[in-house]
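Participant: Fold the following, please.
(one chain, ligands or ions: 2)
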Amino acid sequence: MARAVRVVVLGSGSWGTTIASLAARNTPTTLWARNDDIAREIDTEHRNRRYLGERPLPQGLRATSDLEEAAREADVLVIGVPSHAVRKTLEQVVDEIRAWVPVVSLVKGLETGTRLRPTEVIAECLPGHPVGLLAGPNIAGEIADGMAAASVVAMQDEAVSAALQPLFATSLFRVYRNTDVLGCELGGILKNIVAIAAGMAEGLSVGDNTRAMVLARGLAEMTRLGEAMGADPRTFAGLTGMGDLIATCTSPSSRNRRVGEALARGLSIDEAVEALGQVAEGVKTAPTVMELAREYGVEMPIAAEVAAVVTGKSTPTDAYRGLRRVTPGDERDIV
Ligand SMILES: NC(=O)C1=CN([C@@H]2O[C@H](COP(=O)(O)OP(=O)(O)OC[C@H]3O[C@@H](n4cnc5c(N)ncnc54)[C@H](O)[C@@H]3O)[C@@H](O)[C@H]2O)C=CC1
Ligand SMILES: O=C(CO)COP(=O)(O)O
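Facilitator: Numbering: from 1, shown residues only. Ligands and ions are numbered 1, 2, ... in the order given. Sure, this is the predicted structure:
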């Protein structure tokens, strides 16, 4: 009988742990935690209290703090560390990962400096591997609680993504496929910036109409940049675009939205991030997205205001004043 595929997830935050828990229901799965205590707690008590409270994790989910051992075991490698840690984490284990192993990113932020997407960073570290991502409207806590959700495996090679789908799918977690890796990845990255704007709107009590405007015009900005970079604009109407945008902008659990709310309450960006204690990718990514917008000659007024606030050059109140000054053009002019 063929040996079962082992999924190895690097990063035991809220999302890495949740995805590893789904995979563990389908196939042998190992979760790497950089912290010994968290690895021990997952292994022996089947809990990750720092990130997922008292939610029980599958008994079969194995955890280790030995990065090399974890990487060596992988038949499928999943990257669940924040964007700033992807390159450093992979560089430590390049020689341990067998050549054919597909790599799936969960990461929704751009690398500062290089402006590379996580799948591009992975491809630089692990040339020749099939690389893709899993993304969609997936607030970790809800999925860990067993609420129904859907996601997308995006890969150029559909034979690989079709083989990956059943590793993560459960009766409550539908996994679709998409070959538009760029569009799916940008959707997950760019919606975090709009979610900060939505959180600021919440904190300023601006009302439902304003919130709807931010979502709709935010999606227009996301699509505009995506299309300029070569993505399929239809992808932005799907789970990884509009779907993730709605979930993140409306969920009180979203870390990016919470940062926006905290800023509107008058906290500095450092205080807002410190209070969160988890990653909010939109904070570091907003200024990097503005560099891309300039490079591709694309107007992104909402992202521009968010970038100004997170870099301390503006305030949420001034950001919303700034948005009112944008001259409305043809609404459909998204290209
Ligand atoms: N939590 C969620 O609902 C979702 C998160 N994501 C994305 O998944 C990625 C990971 O996020 P979360 O699990 O939510 O983050 P988190 O803040 O809950 O946990 C981050 C994990 O990465 C580890 N880590 C942090 N810095 C590190 C470093 N320098 N080197 C090695 N490990 C490091 C932490 O120890 C922790 O295990 C992010 O890009 C996020 O945008 C995507 C979908 C849903
Ligand atoms: O990407 C997410 C949901 O799909 C999680 O968003 P936050 O990082 O804002 O919590």
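Participant: mind listing what whichever residue of the chain sits closest to ligand 1 touches?
Facilitator: Proximity of the chain to ligand 1 (C-beta to the nearest ligand atom) peaks at G13, 1.8 Å away. All C-beta spots, glycine's among them, are computed from the backbone N, C-alpha and C. By C-beta atoms under 8 Å, 6 or more residues apart in numbering, the contact set of G13 is 51, 80-82, 278-279.
Participant: could you redo the last one with a cut-off of 10 Å?
Facilitator: Counting by C-beta atoms under 10 Å, 6 or more residues apart in numbering, G13 touches 33, 38, 48, 50-52, 80-82, 106, 140, 278-279.
Participant: Pipe the residues you listed into a markdown table and attach distance to M300 per row.
Facilitator: Output for those, formatted as a markdown table (distance: C-beta to C-beta, whole Å):
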| residue | distance to M300 |
| --- | --- |
| A33 | 36 |
| I38 | 37 |
| N48 | 36 |
| R50 | 35 |
| Y51 | 32 |
| L52 | 34 |
| G80 | 28 |
| V81 | 27 |
| P82 | 23 |
| L106 | 25 |
| A140 | 27 |
| Q278 | 26 |
| V279 | 22 |
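Participant: Now do stretch 152-172: distance from first to last residue.
Facilitator: 14 Å (C-alpha to C-alpha, to the nearest Å).
Participant: The closest residue in space to G241 that isn't next to it in sequence: neighbouring residues, count only.
Facilitator: If the residues on either side of it in the chain are set aside, G241 comes closest to G187, at 3.9 Å by C-beta to C-beta, 6 or more residues apart in numbering. By other C-beta atoms under 10 Å, 31 other residues sit near G187.
Participant: cool, the one 5 residues further on as well?
Facilitator: The criterion is other C-beta under 10 Å. On that basis, N192 has 29 neighbouring residues.
Participant: again with Q165
Facilitator: Around Q165 there are 16 residues (other C-beta under 10 Å).
Participant: was I right about it contacting Y176?
Facilitator: Yes: using C-beta atoms under 10 Å, Q165 is in contact with Y176, at 7.9 Å.
Participant: Could you check how far the residue nearest to G241 is from N178?
Facilitator: Using C-beta to C-beta, to the nearest Å, G187 is found at 10 Å from N178.
Participant: Which residues are in contact with each of the two?
Facilitator: Joint contacts of G187 and N178 (C-beta under 10 Å, 6+ apart) are 135-136, 152, 154, 235, 238-240.
Participant: Throw those residues into JSON lines and include neighbour count and pLDDT, thanks.
Facilitator: Converted to JSON lines, those look like this (neighbours: other C-beta atoms under 10 Å; pLDDT from 0 to 100):
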{"residue": "A135", "neighbour count": "28", "pLDDT": "98"}
{"residue": "G136", "neighbour count": "25", "pLDDT": "98"}
{"residue": "V152", "neighbour count": "29", "pLDDT": "98"}
{"residue": "A154", "neighbour count": "28", "pLDDT": "98"}
{"residue": "T235", "neighbour count": "27", "pLDDT": "98"}
{"residue": "G238", "neighbour count": "20", "pLDDT": "98"}
{"residue": "L239", "neighbour count": "23", "pLDDT": "98"}
{"residue": "T240", "neighbour count": "31", "pLDDT": "98"}
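Participant: Neighbours of the closest residue to ligand 2 within the stretch 101-250 of the chain, how many?
Facilitator: For the stretch 101-250 of the chain and ligand 2, the shortest gap (C-beta to the nearest ligand atom) falls at N138, measuring 4.2 Å. For N138, the neighbour count with other C-beta under 10 Å is 25.
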